[in-house]
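> Let's see this in three dimensions:
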Amino acid sequence: MLKKIFKKGLFFGLLVVAASIAADTYKGPETAIQKERQEDTSGGGLIGKSSLSISTGDLEMSFGGRTKVETYQAKNVVMLNSHIPDRLNYFKQTLDFTTNVGFGKQKFGYKAIEFYTDIRAKAVWGDSGAYFSTLDEDVKLDGTGVVVGNHKHKSLRPYLGVREAWLQFTLNSLFPSKDAKLHNIKLGFFPFTLGRGIVLGDIYGVSKDFLGISTGYNSDQFSPGINLHGELIKDKLTYDLYFAILEENTDTLGKTFNFVKSNTIGRLQTPWRGFGKDNQLYAARMQWNAFESDKYGSLDIEPYWLYNEGSDRWIEFDGDSKSELGSAGLGCEYSYGDFEFGAEGAFNYGREIVFALDRNVLILGRDSSGNVVTKYSKVLGSQGGSSVQVSTANKTAVDANAATVNSKFNDTSSDVLVALNNTEISPGLWNSSDRYRPYYRNKYAGWMFVTDLAYKFKKADLKLAGAYGFASGDKNPHLPRNASTEHNKTYHGFIGLQEGYSGPRVPSVLVLDSRKLKRPLSVSAESREAEDDATFTDMHYIGTGLKWFPLNHDEKKFYLWTNVLGFIKAHRSHKYDSVALHYDHDRYASNFLGIEWNVRVKYEMLKNLFLFGDGAIFFPGTYYKDMKGLPLSGDLYNKLNDANKTDIDPLNYRISNDTAYFLNAGLDYKF
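Numbering: from 1, shown residues only. Sure thing, here's the model as predicted:
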């Protein structure tokens with residue numbers, strides 16, 4: 001329904017725009033992203049003054065780019081555990097070549113057509129293929145369907161790909177008019193964010209693995225999309241209507257006709273994915289310059305809206321869920337003289353639909369003689385016993401049971417499916433306690449708020465800033481897998497799409513920017529392990545920063561910037577007993593995550609040649625002390641062979657509370 005409303009609104013918007021577009025000499029407003037890219041804070045960006053430009057008549061071409069060589073040094077930044085080799089040390093190089101082509105400046109007074117590309121080469125020294133590999137794919141035994149692992153391929157050559165490539169044309173050039181407001185359509189790979197990039201950022205492929213809202217990609221490029229944008233009130237009010245395809249599943253027969261639904265209840269005879277199971281994004285925003293004067297300062301306001309429909313998402317199996325995520329928010333920026341203030345708030349709505357599922361699959365195991373055999377994962381030899389070996393007799397019984405369930409029940413038969421767990425399906429064969437997952441829904445109800453302010457003391461070349469941020473949190477809505485979670489409920493954790501927020505006025509280098517640190521999700525007392533989430537969710541933070549820029553009063557020439565931030569968990573979690581190795585049913589862990597102190601420096605040694613460095617120390621709080629020894633998904637201790645576990649303390653392989661250190665430094669040259 002929301003998607004239909006948006007499509008109708010988009011069509012109506014096109015009609016309105018077509019009626020008001022014009023050809024004139026007005027250049028049009030620059031978006032915040034364009035300004036940021038021209039100032040060159042990230043990415044290849046639009047060409048600066050040092051680029052090579054060629055023009056002949058209405059045709060203009062510019063070439064440029066940048067190269068960055070940097071090193072990373074880190075200790076305890078993942079597990080906060082000095083007993084394991086939790087240390088990183090490597091060099092990385094990034095090279096961007098950019099091209100900008102425009103046509104029509106002389107004829108129309110603006111670029112009627114514009115094309116831009118950023119070709120990026122990226123490599124870790126000594127591991128050139130680190131950023132260039134295929135996705136993980138399951139490895140199955142031929143003819144059995146048994147998954148025995150996964151694999152991916154990595155090239156030995158440096159990563160080379162298209163980071164940004166878009167075509168834009170101005171609708172005004174198609175219709176004769178005297179109106180000075182420009183309206184444009186942009187198509188291709190380009191960055192698009194809402195507000196500060198919290199609700200929607202431009203890091204294509206970033207996802208939440210424990211929710212069914214992920215994409216199958218995490219590449220160094222911008223997401224593909226279409227953006228209709230322009231002015232409604234000259235120099236005052238702009239609009240954007242945005243559409244993106246985050247994942248396409250209908251471009252080949254192999255994607256529409258396959259067996260991803262074979263474990264979904266009711267789909268035994270139609271196990272294929274089918275048509276139209278894509279991941280699509282719709283967004284709209286307005287940017288309003290409410291006022292700008294010497295007397296009252298300047299105020300910019302940005303309301304926005306987002307809807308993401310992700311069909312056939314992954315929680316336990318491919319295609320076992322669907323996500324309908326909406327977000328709405330409002331941001332503002334105010335400045336008066338040397339004072340700056342900004343704030344933004346947003347909330348989630350929508351739902352995650354979790355389909356009814358038969359979790360039983362074939363796995364490899366050993367029989368009593370030690371031979372490798374094929375077993376059922378969710379069919380037991382006795383109630384609460386071990387998995388049974390596949391034989392002709394039990395295969396017939398298990399298949400008959402599955403066929404009965406699939407033919408008799410549909411996605412709404414939740415209560416009946418729960419009752420089928422822990423039942424005897426034939427003499428000597430029992431369903432496990434979690435074989436059948438019922439159909440249920442998780443309602444999205446997260447929210448966030450951030451605010452910061454700064455004041456510049458010009459005579460001292462100093463800028464003092466403060467910041468506060470909040471994002472709601474919750475526990476994993478799918479764990480543990482039993483009746484306590486598998487029912488309709490509300491998920492209160494805030495969800496941002498492609499988000500990479502680290503704070504503009506008081507930035508976090510290690511916790512919110514690097515994002516290597518494991519932050520366990522809240523757990524219930526019956527959970528056996530925890531997932532982790534490094535995104536901007538489930539936290540409060542408060543911080544202050546001081547920036548010093550003594551060279552010609554210019555922050556771009558040189559600055560030394562130091563920030564201190566404290567982080568507090570928003571949703572409480574049961575404490576983990578590191579002696580008994582289980583959760584404490586009666587006690588909750590502290591919510592104090594810790595304190596980060598960071599220092600940032602940047603110096604323009606020669607024109608467009610910058611020396612930069614970011615250093616940070618994280619002092620874990622009492623939360624990590626209370627969760628010390630907690631097993632996370634993919635637990636390192638459990639990966640050890642049984643022979644290696646003799647006289648080994650599990651605490652030495654799991655999340656701990658040692659101090660973390662991080663350093664990133666290098667050279668950055670724009671040309």
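
> who does the closest residue to residue 192 other than its chain neighbours bridge with?
Nearest residue to residue 192, sequence neighbours excluded (Cβ to Cβ, 6 or more residues apart in numbering): residue 242, at 5.4 Å. Any C-beta I mention is one placed from the backbone N, CA and C, and that applies to glycine too. The partner list for residue 242 in beta bridges (DSSP bridges) reads residue 227, residue 283.

> quick one, what contacts residue 242?
Residue 242 sits next to 192, 225, 226, 227, 228, 281, 282, 283, 284, 285 when contact means Cβ atoms under 8 Å, 6 or more residues apart in numbering.

> Retrieve the pLDDT associated with the residue nearest to residue 438 when sequence neighbours are not counted.
For residue 438, ignoring the flanking residues on the chain, the nearest one in space by Cβ to Cβ, 6+ apart is residue 414 at 3.5 Å. pLDDT recorded at residue 414 is 74.

> Low-confidence regions, the stretch 401-550 of the chain specifically.
Low-confidence segments of the stretch 401-550 of the chain (pLDDT under 70): 410-413.

> Just the endpoints, please. Distance across stretch 619-629?
Start-to-end span of stretch 619-629 (Cα to Cα, to the nearest Å) is 18 Å.

> Shouldn't residue 100 be within a strand?
Yes - Residue 100 sits within a strand when classified using DSSP: H, G, I helix; E, B strand; the rest coil.

> Quick check: it touching residue 114?
Yes - contact criterion Cβ atoms under 8 Å: residue 100 and residue 114 qualify, at 7.2 Å.

> Return the residues in contact with the residue nearest to residue 438.
Neighbours of residue 414 in contact, by Cβ under 8 Å, 6+ apart: 356, 438, 439, 440, 486, 487.

> Burial check on the closest residue to residue 356 other than its chain neighbours, number of neighbours?
Spatial nearest neighbour of residue 356, excluding adjacent residues (Cβ to Cβ, 6+ apart): residue 265 at 3.8 Å. Burial of residue 265 is recorded as 24 neighbouring residues (other Cβ atoms under 10 Å).

> How about residue 85?
Counted with other Cβ under 10 Å, residue 85 comes out at 8.

> Check residue 642 too.
Residues near residue 642, counting by other Cβ under 10 Å, number 6.

> Distance of it relative to residue 648?
11 Å (Cβ to Cβ, to the nearest Å).

> swap in residue 237?
From residue 237 to residue 648 the distance is 64 Å (Cβ to Cβ).

> Comparing these two, which residue is more hemmed in?
residue 237 (16 against 11).

> Report the contact partners of the residue nearest to residue 559 when sequence neighbours are not counted.
Excluding its sequence neighbours, the residue lying closest to residue 559 (Cβ to Cβ, 6+ apart) is residue 549, at 4.4 Å. Counting by Cβ under 8 Å, 6+ apart, residue 549 makes contact with 461, 463, 555, 557, 558, 559, 560.

> With secondary structure, neighbour count and distance to residue 173 as extra columns, can I get those residues in CSV?
Output for the contacts of residue 549, formatted as CSV (DSSP: H, G, I helix; E, B strand; the rest coil; neighbours: other Cβ atoms under 10 Å; distance: Cβ to Cβ, whole Å):
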residue, secondary structure, neighbour count, distance to residue 173
461, coil, 18, 46
463, strand, 21, 43
555, coil, 15, 38
557, coil, 14, 40
558, strand, 19, 43
559, strand, 18, 42
560, strand, 15, 48
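
> Most widely separated two among the residues you listed?
Maximum pairwise distance in the contacts of residue 549, criterion Cβ to Cβ, is 14.3 Å, between 463 and 557.

> and residue 397, which of the three is it?
helix.

> hang on, I meant residue 267
Strictly by three-state DSSP, residue 267 counts as coil.

> That one: neighbour count?
22.

> Let me see the contact set for the residue nearest to it when sequence neighbours are not counted.
Setting aside the residues directly before and after it, residue 267 is nearest to residue 261 in space (Cβ to Cβ, 6+ apart), at 4.1 Å. Each residue near residue 261 by Cβ under 8 Å, 6+ apart is listed here: 267, 270, 271, 272, 273, 319.
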